[in-house]
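Colleague: give the three-dimensional model of this entry:
(one chain, ligands or ions: 2)
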Amino acid sequence: MFNFDNSYAKLPSRFYAKATPEKFSNPTLIGFNQALASETLGLNTDIFNEKALAELFSGQSIPQNANPIALAYAGHQFGHFSPQLGDGRALLLGETLTAKGERFDIQLKGSGQTPFSRKGDGKSSLGPVIREYIVSEAMHFLGVPTTRALAAVATGDAVYRGHRLPGGVFTRVAASHIRIGTFEYFAAQGDIDAIKILTRYALDRHYPEVSPGENRYLDLLKQVACSQASLVAKWMSLGFIHGVMNTDNMSISGETLDYGPCAFMDNFAANRVFSSIDRNGRYAYNNQILIAKWNLYRLASCLLPLIHEDQEQAIKITEEATQETMVVYERKYQEAMIKKLGLFELREPDSALINQWLQLLEESDLDFTLSFRMLSEENCALKKSERFNGFFSQWKKRLADQPQSFQQSSQLMNAVNPVFIPRNHQVERAIQRSLEGDYSVFNEMNQLLKTPYINHDKWGIYKAPPKPEERVLATFCGT
Ligand code: AMP
Ligand code: MG
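Modeller: Numbering: from 1, shown residues only. Ligands and ions are numbered 1, 2, ... in the order given. This next block holds a predicted model:
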């Protein structure tokens, strides 16, 4: 079924370890992304029935030309460095090539222990499988670069996370699984040769269009900085909080990677934190670009000796490159936000208007997603609120000052302001139901989140913000 061409496995053997999936007693297919399989990956799945797909996507049958490996990486987790993490509960089956020559990693997550498992069981419970499936696909349809969900399998066996939970395996599709932490792994060992190999590999695979500058290491740093800045700008424009922006979760390709304790915000609060383990708010909503920059410094420090032999010079050069991140971010963020307000072209004072609006949302405890959507209505209910008077008069003036009609603005807004996001209380409901063997909420959410900008009345409950008692205040790590 796959057209495997495993380039990572051809890198030196210290980049990975061979791994084999575990046996499970009764793998059952609970999710399969047919459109991704056939349209994006060009796979022919016709000859596979459900049982065969369940066997395949739980690692019980290894497809032809697969070469299962667990990748080595390190990472800064909540600011603390771990020199050896690696795929402890995941393995790369192989890289499949499409007819157009695009290369995708096919990774099984939760398929059992690998040489990097340390004390972990290498498995996943069903909850994180359901969460990653729903949220990563939703992100894709919201237009955010992300890893994708190809399949979800219930293994039929239990995992223990304080108590017994059903186990699952998730099949992730990614541009690659190279992370900032992959560079850190080799840098910590002083393995300059490996950094050279990895840099060349990452540039060839993810940034082939970039013409080589004077220094390839600086080229890579600049590209990663730029794609991370654009990525975080997208997250911010949708109220998305990644939750665990450790360097081992920051993909070199610029895709959103690792849907652990992530969440979309309901009512807006700039310093919102969701992750139950993020006690200091390190990965709060409004801190995300600063953390992305911090992570880029970690990448820069791995590349430093290759950027310039004189350390001071090297630091100066990388400093400039990472500063550029903030410039790109500010521009991308503002461009995204003005569209959400129905403005076609960014002007100097627009950032004040954006901030004024966000501050009002926060003071009024309003839903981030639906408030933007409401603005596009001629008779927006918020106009009745005195508190919003100042904003509305500024905004009206600004709208009148552009050549487009209100109807055109309204169309623009509806094209960028989603009606549906994977609301956390609904994701939790999908998980709870799935644990009971009922996948209807999971299936419904996957269906409706394919068209997040279309207001389908019949999906009303998925549109509504949580009632106070339904609010999910913390999300948990995907272990
Ligand atoms: P994550 O929280 O997914 O970013 O994982 C951080 C590190 O912990 C990675 O090296 C994982 O492979 C490892 N890890 C997490 N859960 C498990 C588990 N159940 N068994 C083995 N390794 C794990
Ligand atoms: Mg991770």
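Colleague: was I right to think Ile454 contacts Val419?
Modeller: Yes - in terms of Cβ atoms under 8 Å, Ile454 counts as a neighbour of Val419; the distance is 6.9 Å. (C-beta placed from N, C-alpha, C; glycine too.)
Colleague: ok, the two, which is more surrounded?
Modeller: Val419 (18 against 12; other Cβ atoms under 10 Å).
Colleague: ok, for the residue of the chain found nearest ligand 2, nearest residue in space, not its chain neighbours?
Modeller: The chain approaches ligand 2 most closely through Asp258 (4.1 Å), counting by Cβ to the ion. Spatial nearest neighbour of Asp258, chain neighbours left out: Asn249 (4.0 Å); criterion: Cβ to Cβ, 6 or more residues apart in numbering.
Colleague: His140 sits in which helix or strand?
Modeller: Secondary structure assignment for His140, by DSSP states H and E: helix 126-141.
Colleague: okay, now the sheet partners of the helix or strand following that helix, with direction.
Modeller: With elements assigned by DSSP H and E, the helix or strand that comes after helix 126-141 is strand 148-160. Strand 148-160 pairs in its sheet with strand 28-32 (antiparallel), strand 164-174 (antiparallel), by DSSP bridges.
Colleague: show the pLDDT at the residue of the chain most remote from its centre.
Modeller: The outermost residue of the chain, judged against the average C-alpha position, is Glu386 (38.0 Å), by Cα atoms, centre = their mean. You'll see Glu386 listed with a pLDDT of 95.
Colleague: for Ala269, see how far away it is.
Modeller: 22 Å (Cβ to Cβ, to the nearest Å).
Colleague: can you pull out the strands in the stretch 251-400 of the chain?
Modeller: 263-264 (DSSP state E, counting those that start in this stretch).
Colleague: residue numbers of it in contact with ligand 2?
Modeller: Residues of the stretch 251-400 of the chain found near ligand 2 (Cβ under 5 Å from the ion) are Asp258.
Colleague: show me where the stretch 251-400 of the chain has helices.
Modeller: 288-307, 311-340, 350-363, 368-375, 389-400 (DSSP state H, counting those that start in this stretch).
Colleague: wait, what's in contact with Ile354?
Modeller: When the contact criterion is Cβ atoms under 8 Å, 6 or more residues apart in numbering, the partners of Ile354 are 334, 337-338, 341.
Colleague: switch those over to TSV; also include distance to Ile461 and neighbour count.
Modeller: Listed next are the contacts of Ile354 as TSV, based on distance: Cβ to Cβ, whole Å; neighbours: other Cβ atoms under 10 Å:
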residue	distance to Ile461	neighbour count
Gln334	34	18
Met337	28	23
Ile338	31	21
Leu341	28	22
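Colleague: out of these, who's nearest Ala152?
Modeller: Met337 (34.1 Å; Cβ to Cβ).
Colleague: so the most centrally placed residue in the chain versus Gln402, what's the distance?
Modeller: Nearest to the mean C-alpha position of the chain, by Cα atoms, centre = their mean, lies Thr256 at 2.4 Å. Note on Thr256: its distance to Gln402, by Cβ to Cβ, is 32 Å.
Colleague: domain ranges for the chain, per the record?
Modeller: 8-174, 180-258+281-331, 341-416 (automatic domain parsing).
Colleague: so for Leu435, which of those sits nearest?
Modeller: domain 8-174 (6.2 Å).
Colleague: so where's the chain uncertain?
Modeller: Applying pLDDT under 70 to the chain flags residues 477-479.
Colleague: cutoff 80 now
Modeller: 475-479 (pLDDT under 80).
Colleague: up against ligand 1, what does it have?
Modeller: 85-89, 117, 120-123, 248-249, 258, 260, 477-479 (Cβ under 6 Å from any ligand atom).
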